[in-house]
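Visitor: below are the sequence and a predicted model; questions follow.
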Amino acid sequence: MIAQSPEITVLGLGCLLLLAHILLGAHYKTRQFGVNWNMGARDESLPPLDPVAGRLERAKANILETFPIAIVALLGVAVTGKGTDTTAIAAWVWLGARVVYLPLYWAGVPKLRTPVWAVSLGALLVLLGVLIGG
C-alpha cells in the first residue's frame, strides 16, 4: 500500500472547506430568501444580501479564486514526487490560513483577514515554486 502524501490529505480537506463555504452561504441565503427560493428556479430578482450572507458569499468567491491554483499546486507536487517537508508545511499552512479566513470574514473582522489571506497565498507560492522550479 502506498502512503498518502500530506499534500493530497490537505487537498481533500480543502474540498471539505469549500463545501463548508458553499453550505454556509446557502444556509444564510435561504434564511433570508426562504426555502421556496432555495428549491425554486431562482429566476426572480432579489434584494441585496444581508450583511452576514453577503460576507459569506464574498468569502466563497474568494476561495473559489485561489482553489484551482491550490489544486494544481498540491496535486502537482504530489504526483510529480516533489513533496518534501517544506511542501507539507506549506500545504498545512495554506489550509490553516483558509480555515481561519472563513470565520474572520463571516464575523466581519476588518484588516486581519487580509494578512491571513496573504499567508495562504504565500504558502501557495511556495508550493508552486517547488512544482515549477524543482
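Guide: The structure has been received and is ready for your questions.

Visitor: follow the chain on from the helix or strand of the chain with the lowest mean pLDDT and name the next helix or strand.
Guide: Sorting the helices and strands of the chain by mean pLDDT, DSSP states H and E puts helix 35-39 at the bottom, at a mean of 88. Downstream of helix 35-39, the first helix or strand assigned by DSSP states H and E is helix 51-79.

Visitor: how about stretch 12-20: buried residues?
Guide: The neighbour-count check on stretch 12-20 (16 or more other CB atoms under 10 Å) flags 14, 17, 18 as buried. Yep, even glycine has a C-beta here, placed from its N, CA and C like the rest.

Visitor: tell me which element the first one falls in.
Guide: Counting by DSSP H and E, the element that carries residue 14 is helix 6-33.

Visitor: and that helix, what does it pack onto?
Guide: Packing contacts for helix 6-33, counted by 3 or more CB pairs under 8 Å, 6 or more residues apart in numbering; DSSP states H and E, involve helix 35-39, helix 51-79, helix 85-107.

Visitor: need these in JSON lines with mean neighbour count and distance to residue 126, can you?
Guide: Below are those laid out as JSON lines (neighbours: other CB atoms under 10 Å; distance: least, CB to CB, whole Å):
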{"stretch": "helix 35-39", "mean neighbour count": "11", "distance to residue 126": "39"}
{"stretch": "helix 51-79", "mean neighbour count": "17", "distance to residue 126": "9"}
{"stretch": "helix 85-107", "mean neighbour count": "19", "distance to residue 126": "4"}
